[in-house]
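Undergrad: Prediction below, plus the sequence it came from.
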Amino acid sequence: MATVAPLPSFYGDYEKEEEEPTDWFRQYRLSLPSTFTDQDKIDRFELQCAAGSMAEVWVQNLPSASKATWAAFTSAFRARWPPPVHVTLTLAQQKDRIKAITLKEEDIGRMIEKDRGREWGHVKWAKEIERTAQGFGDLRCLLLDVVLESTPAVLRDLLTEQYALWPDFVTDVSRLSSSQLQRAKQRLETERKLREDIDRLQAQASGQKKTPTPTSQPAPQAATMPWPQYRPPLPRYPMGPFQQQLQQQQQQQQQQQQQPQQPPTPTTLVQPPLPPQPQTPQQQGQYNPFATATPMSRGNLFYGGCGYPQTPSRGRGMFIGDRTRIAAQYSSLPQHPDTDAGRQAYTQQVQDWHNQHGATTMPNTDRPYPLKPGTSPLGSRECFTCGMNTVPFHQSTECTNNALPMQESRWREIVSRLAGRMAGSAFSPPAGVQYVYEGYPTYHDLQGNGYGLQQ
């Protein structure tokens, strides 16, 4: 018996890409010597099957009729592993396959390593195009227009528009030297920069010709409007010379307000003016018991030379910033920013406070309450219901915003009153003043809470 070289084992499970059952069976038939009988061919086939594979199980379970002759065995094999079906692609599918074979511009004129040596990148691309097109049955460059559409301009400008055969196309691509390709690249780069310069100059010229579109003046927002001026109520007693002079000053101020004024800067809040101050009537030859030996810059019975009202009013000379700085010393808890992380930290801060002091416990100076992110600072004449300092101001009884927790509203009220007391003590009148002016509440004192005048 002739010696036969064994083939790779046959599995028959389609898991190995390099194993096509029909191709393997053909190789097996070619390896068999002509002296083998039908039984010898079938017995050797079983030996060629991998142990425990699908092919071995199939041979062992094959009926005896399929093993009687080699022809019957071959028919049973083709029934179990049918030959692959050839799929004919449409013209659109063929064009898509050709377009998928791309050539990068940096590969033109560059050597690329291959299994069998080195080759120019553009020549390797042309050969792949040739093999793919001929595999579709295109022998006369019918798909050449699709190839040239996707070819980089560096190479396309050096090729012709028509080729009779695909080998002519590959030969023309292979004939191009590296120096030709480099010059073509430099020329295209120069043209590209020239187009960019032209486009930039045209854009600058068109931008200079454009005229700015007039925009309507935005209406002033509520935050930029000045606070209304306070006017004291009418006197409850007959007017004397002192009251007549005070009324004349009020009329002059009203006439000045009727004149158009320049609106304030949008980012600056206008501070409210001080209440009109009563003046001492200065008549010729009349003795003034309150006058001093030296002339004063303001002829005012109540102020003397001071710039602040010398009355027992509570913090009347303090601004919001001063009250805020005084109120800040009563809170040792930081106010978190109005962000997702800040709101999460505030929620944890409130939960820890209630766990420590109880759900119904009210805050005090020993146990300050956390402040909600996004609200106004303590002592800023904010609304105790929502914690916001709005312009124009609103009272808590008129507040329509989301209400704060009960403990935070109470804490803001406590700190506001404490700050007001400190402000009042800082501006108490000197002991030498014998005449006291009955102060009126300013517009700021009407802000914020439902417990009376804010302190």
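TA: Done, it's in.
Undergrad: Isn't residue 335 up against residue 371?
TA: Yes: assessed by Cβ atoms under 8 Å, residue 335 is found in contact with residue 371 at 4.3 Å. No exception for glycine: its C-beta is placed from N, CA and C like everyone else's.
Undergrad: Between the two, which contacts overlap?
TA: residue 377 (Cβ atoms under 8 Å, 6 or more residues apart in numbering).
Undergrad: which residues of this protein score low on pLDDT?
TA: Scanning the chain for pLDDT under 70 picks out 1-2, 115-116, 208-246, 257-322, 423-455.
Undergrad: need the strands for it, in chain order.
TA: 111-114, 117-120 (DSSP state E).
Undergrad: Looking at the protein, which helix is longest?
TA: With secondary structure taken from DSSP state H, the chain has its longest helix at helix 178-209.
Undergrad: Report the buried residues of that helix.
TA: 181, 184, 185 (16 or more other Cβ atoms under 10 Å).
Undergrad: Relative to residue 71, which of the residues you listed is nearest.
TA: Nearest to residue 71 among the buried residues of helix 178-209 is residue 181, at 60.1 Å by Cβ to Cβ.
Undergrad: I'd guessed the closest one sits against residue 156; true?
TA: No: at 11.8 Å, residue 181 does not count as touching residue 156 under the criterion of Cβ under 8 Å.
Undergrad: From what I see, residue 160 and residue 172 are in contact.
TA: Yes: if you go by Cβ under 8 Å, residue 160 and residue 172 touch, sitting 7.0 Å apart.
Undergrad: Who has more neighbours out of the two?
TA: Per other Cβ atoms under 10 Å, whichever of residue 160 and residue 172 has more neighbours is residue 172, with 14 against 10.
Undergrad: surely the more buried one meets residue 162?
TA: No: if you go by Cβ under 8 Å, residue 172 and residue 162 don't touch, sitting 10.9 Å apart.
Undergrad: Of residue 335 and residue 371, give the one with the bigger neighbour count.
TA: A direct count of neighbours by other Cβ under 10 Å for residue 335 and residue 371 places residue 371 higher, at 22 against 19.
Undergrad: quick one, which of the strands of the chain is packed in tightest?
TA: Highest mean neighbour count of these: strand 117-120, a mean of 12 (counted as mean count of other Cβ atoms under 10 Å).
Undergrad: which helices and strands sit right next to that strand?
TA: When contacts are defined as 3 or more Cβ pairs under 8 Å, 6 or more residues apart in numbering; DSSP states H and E, strand 117-120 packs onto strand 111-114.
Undergrad: Give me the sheet partners of the strand it packs on and which way each runs.
TA: For strand 111-114, the paired strands and their directions (DSSP bridges) read strand 117-120 (antiparallel).
Undergrad: what's in contact with the strand it pairs with?
TA: Taking Cβ under 8 Å, 6+ apart as the rule, strand 117-120 contacts 109, 110, 111, 112, 174.
Undergrad: from those, which is closest to residue 66?
TA: Once Cβ to Cβ is applied, the member of these that ends up nearest residue 66 is residue 112, at 51.6 Å.
Undergrad: Go ahead and confirm the closest one touches residue 123.
TA: No: Residue 112 is beyond contact range of residue 123, at 9.1 Å (criterion: Cβ under 8 Å).
Undergrad: Helices along this structure, start to end?
TA: Under DSSP H, the chain gives helices at 21-31, 38-48, 54-60, 70-80, 91-100, 121-135, 144-149, 153-156, 166-175, 178-209, 241-258, 320-328, 340-357, 406-426.
Undergrad: Which of these has the highest mean neighbour count?
TA: Most buried of the helices of the chain by mean neighbour count (mean count of other Cβ under 10 Å) is helix 406-426; its value is a mean of 20.
Undergrad: Nearest to residue 27 among the contacts of strand 117-120?
TA: Using Cβ to Cβ, these come closest to residue 27 at residue 112, 33.0 Å.
Undergrad: Tell me what the closest one is bridged to.
TA: Here residue 112, judged by DSSP bridges, has bridge partners residue 119.
Undergrad: give the contact list for it.
TA: Neighbours of residue 112 in contact, by Cβ under 8 Å, 6+ apart: 118, 119, 120, 121, 124.
Undergrad: Leaving out the residues flanking it, which one is nearest to the fourth one?
TA: Spatial nearest neighbour of residue 121, excluding adjacent residues (Cβ to Cβ, 6 or more residues apart in numbering): residue 107 at 3.2 Å.
Undergrad: go on, residue 367?
TA: Leaving aside its chain neighbours, residue 367 sits nearest to residue 357 (5.6 Å; criterion: Cβ to Cβ, 6+ apart).
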